[in-house]
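Novice: here is my input, please return the structure:
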Amino acid sequence: MNKIKAETIEQAVYNLCVQANTCYDAELYNKLYDKYLHADSPDKRNKYANILENISLASKIKRPLCQDTGQVIVFVTIGQNTFIDGTSITDAVNNGVKKAYKQNYFRKSVVHNALFDRTNTDTNTPAIVYYDYSSADMTEVSVLIKGAGSENYCRTQMFSPASQRTDIFDFVEQTVKTAGEKSCPPLVLGIGVGGTMDSAAVLSKKAFFKTENTQEEKQFINELNEYLDNMKDDILDIKLLTSSTHIACLPVAVTINCHSTRHAMCTIKGNEISYLKNPLAIKSVEMESKDICEIKTDEYEKIKNLKTGDEILLTGEIYTARDAAHKRILDFYTENNKFPFDIKGKIMFYAGPCPAAPHEIIGPVGPTTSARMDGYCDLLYSNGLLATIGKGERSEKALNTIIQNNGKYFIAQGGIACLLAKCIKSSQIVAFEELGTEAVRKLYVEKLPLKVVI
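Specialist: The predicted structure is shown next:
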């Protein structure tokens, strides 16, 4: 009988949450560094350099790689003849997540109910837990941190057993194209093939923990990489996991992960925990020097005269607001025919930071997917909003609205939350404090690096 205390599982999950959120995978790091070395333009080299610098900083200060510390997904493989002493495994998992997210000032992003109660649980629980069983005399726990910027673009498709391999490749390609910059490339893809629609999706997430492939799997991945050669800048790695299925089925799922693919695992035997990780050897990087002008947020004419493709360093006051805050702003305007704070000539940053640790002005912070706020563009820009900052593509209607109102749309690089937090010199909540990470904050930024889309 292998007896494990529930507290041991709780401690394991706690440590795995911290490791996954703050420590980068060594294998992926080397692949990123290779992209940095072989980048074919200064812009691409600087993009990779920023990502690598963010990894180095997060590792040094033990803060999250990304402000979206995500939905926690836990895979538990219970060894044969294992007895859990204490509370249930699910309770132990959730207790570990709660403590990790509270004590380490990680962002809590889970709501009570997807449809009927979208208030934050304020604990980042419940975690999503999957159970499996094995003949081994130990228990394995794997944690995957899943951010929404990539999760929103995952896809599942039911193919015919007669489908060609290129049909699957085309599905993967279209999934990556749809994700685009919204999911912070270069992306890591988890591909699950087999089972049913739902189990294929689970396979695609389990794939991130796979370390070895069969010859057949290697050939499939190589052929897929060749098919996606024109998108090689957008893809960092591909993981594949397959299983049995019905004779009439061929389900394929693609889980999109950003370059900060956050996962960690351990084994438990008795009450001894063995964490599986490769030491990360940080390497030096250098930014390509560029002549970038600094612009202050109250220099309205300079901002309005910026051209598409211009790069700037922004200094001055900006405001944060994302999904929930925008809905509150709309409701407030509908009821009062005014805004809860002055938006005329202001710049809005689509962002929800991690809670600030005691020594911080603000926690790690970065742009969220701008397209989710497209429906509010007409209201805000037509009432004087000067510009927005986010990431990813926007709808044609939103772009036209911004142009018609002589506004601007800037993008900030995603996935470098620790680096961007260094640009923020003050932070003050000015509206909807009860929304937590989604409250409206007034920030003072210094030399925030941005690129002009419009």
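Novice: doesn't residue 140 fall inside a helix?
Specialist: No - under the criterion used here (DSSP: H, G, I helix; E, B strand; the rest coil), residue 140 is strand, not part of a helix.
Novice: bridged to the closest residue to it other than its chain neighbours, which residues?
Specialist: Leaving aside its sequence neighbours, residue 140 sits nearest to residue 77 (CB to CB, 6 or more residues apart in numbering; 4.2 Å). No exception for glycine: its C-beta is placed from N, CA and C like everyone else's. Counting by DSSP bridges, residue 77 is bridged to residue 132, residue 140.
Novice: residue 135 is in contact with residue 77, correct?
Specialist: No - with contact defined as CB atoms under 8 Å, residue 77 does not count as touching residue 135 (10.6 Å).
Novice: more neighbours: which of the two?
Specialist: residue 77 (17 against 7; other CB atoms under 10 Å).
Novice: check which residues of the top strand by length along the chain are buried.
Specialist: Longest strand in the chain by number of residues (criterion: DSSP state E): strand 440-452. Judged by neighbour count (16 or more other CB atoms under 10 Å), strand 440-452 contains these buried residues: 440-445, 448-452.
Novice: and these, which is closest to residue 49?
Specialist: Set against residue 49, the nearest of the buried residues of strand 440-452 by CB to CB is residue 449 (12.0 Å).
Novice: tell me how far the residue positioned nearest the centre of the chain lies from residue 316.
Specialist: Against the mean C-alpha coordinate of the chain, by CA atoms, centre = their mean, the closest residue is residue 147 at 3.7 Å. From residue 147 over to residue 316 the distance is 29 Å, taken as CB to CB, to the nearest Å.
Novice: about what we covered before: pLDDT added to the buried residues of strand 440-452, as a markdown table?
Specialist: Below are those laid out as a markdown table (pLDDT from 0 to 100):
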| residue | pLDDT |
| --- | --- |
| 440 | 98 |
| 441 | 98 |
| 442 | 98 |
| 443 | 98 |
| 444 | 98 |
| 445 | 98 |
| 448 | 98 |
| 449 | 98 |
| 450 | 98 |
| 451 | 97 |
| 452 | 98 |
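Novice: neighbouring strands for the longest strand of the chain, and are they parallel or not?
Specialist: Next to strand 440-452 in the sheet, as set by DSSP bridges, lie strand 311-320 (antiparallel), strand 408-411 (antiparallel), strand 424-431 (antiparallel).
Novice: TSV for the ones you listed, including distance to residue 179?
Specialist: Listed next are the strands paired with strand 440-452 as TSV, based on distance: least, CB to CB, whole Å:
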stretch	distance to residue 179
strand 311-320	24
strand 408-411	15
strand 424-431	27
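Novice: ranking these by burial, who's on top?
Specialist: Mean neighbour count, computed with mean count of other CB atoms under 10 Å, is highest for strand 408-411 among the strands paired with strand 440-452, reaching a mean of 22.
Novice: identify the residues contacting the next helix or strand after it?
Specialist: Downstream of strand 408-411, the first helix or strand assigned by DSSP states H and E is helix 417-421. For helix 417-421, the external contacting residues (CB atoms under 8 Å, 6 or more residues apart in numbering) are 50, 53-54, 57-58, 61, 63-67, 353-354, 360-366, 412-413, 448.
Novice: of these, grab the buried ones for PyMOL.
Specialist: Only the buried members of those end up in this PyMOL selection, burial being decided by 16+ other CB under 10 Å:
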select buried, resi 50+53+54+57+58+63+64+65+66+67+353+354+360+362+363+364+365+366+412+413+448
